[in-house]
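Participant: The following block contains a protein sequence and its predicted model.
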Amino acid sequence: MGTSSSKSKVGYQVLSVLPNGPAQLAGLTPIFDFIVSSAGESLVFNKEGPELINLLKEKVVKEVQLAVYNSRSESCRDLVVVPGETCVGMSVRFASYEFAAELTWHVLSVSPGSPAESA
C-alpha cells in the first residue's frame with residue numbers, strides 16, 4: 001500500500017456510480033465521496049498505477065474495507081465494497097479534497113418545468 005499521511009488530503013474521487021453495482025450497494029456517493037484509505041493505509045497514485053484499481057482487482061468477490069471522506073458533510077466513514085468479477089460499478093479519479101466543498105456548484109433553486117427540475 002501507499003504511505004500513510006495525516007496531512008495529505010487526496011484520494012480517489014467517485015465520479016459516477018452504476019445503479020445496483022457494488023459501489024452503489026456499498027453506499028458510495030458520486031462527486032462528494034473520496035476514497036482515502038483501505039484497512040488504514042493511504043491509497044496513492046504512483047508510477048506503477050492507481051493503487052485503488054490494483055487493490056480492487058486483487059480482491060474480486062472479497063470484502064474490501066474503505067475509508068471514505070464526504071466533502072458535503074465534511075466527515076469520514078468506513079464502508080465495505082465487494083468488487084464483482086467484471087466491475088466495481090464506479091468511475092474514479094485521483095484528486096485533492098482539500099477545497100472540494102468550495103469547488104462544487106450549489107443549486108439554490110430550480111424553476112418549475114425546467115430541464116433541471118426533471119434531472
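Facilitator: Now that the structure is in, tell me what you want to look at. Residues are numbered from 1 along each chain as shown.

Participant: can I assume residue 31 sits in a strand?
Facilitator: No - counting by DSSP: H, G, I helix; E, B strand; the rest coil, residue 31 is not part of a strand but coil.

Participant: for the chain, what spans make up the helices?
Facilitator: For the chain, helices defined by DSSP state H occupy the ranges 22-26, 51-58, 115-118.

Participant: Report the mean per-residue pLDDT for the shortest one.
Facilitator: Taken as a whole, helix 115-118 has an average pLDDT of 82.

Participant: for stretch 73-92, same thing?
Facilitator: The average of the pLDDT scores along stretch 73-92 is 92.

Participant: most tightly surrounded among the helices of the chain?
Facilitator: helix 22-26 (a mean of 20; mean count of other C-beta atoms under 10 Å). Using the backbone N, CA and C atoms, a C-beta is placed for each residue, glycine as well.

Participant: CA atoms only for it - export them in CSV, please.
Facilitator: The C-alpha coordinates for helix 22-26 follow below in CSV (Å, rounded to 0.1, in the frame of the first residue of the first chain):
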residue,chain,number,x,y,z
PRO,A,22,-21.1,-3.0,-5.9
ALA,A,23,-20.2,0.7,-5.4
GLN,A,24,-23.8,1.8,-5.0
LEU,A,25,-24.7,-1.1,-2.8
ALA,A,26,-21.7,-0.1,-0.5
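
Participant: Need the contact partners of it.
Facilitator: Defining contact as C-beta atoms under 8 Å, 6 or more residues apart in numbering, one finds that helix 22-26 is touched by 14, 17-18, 66, 79-84, 87-90.
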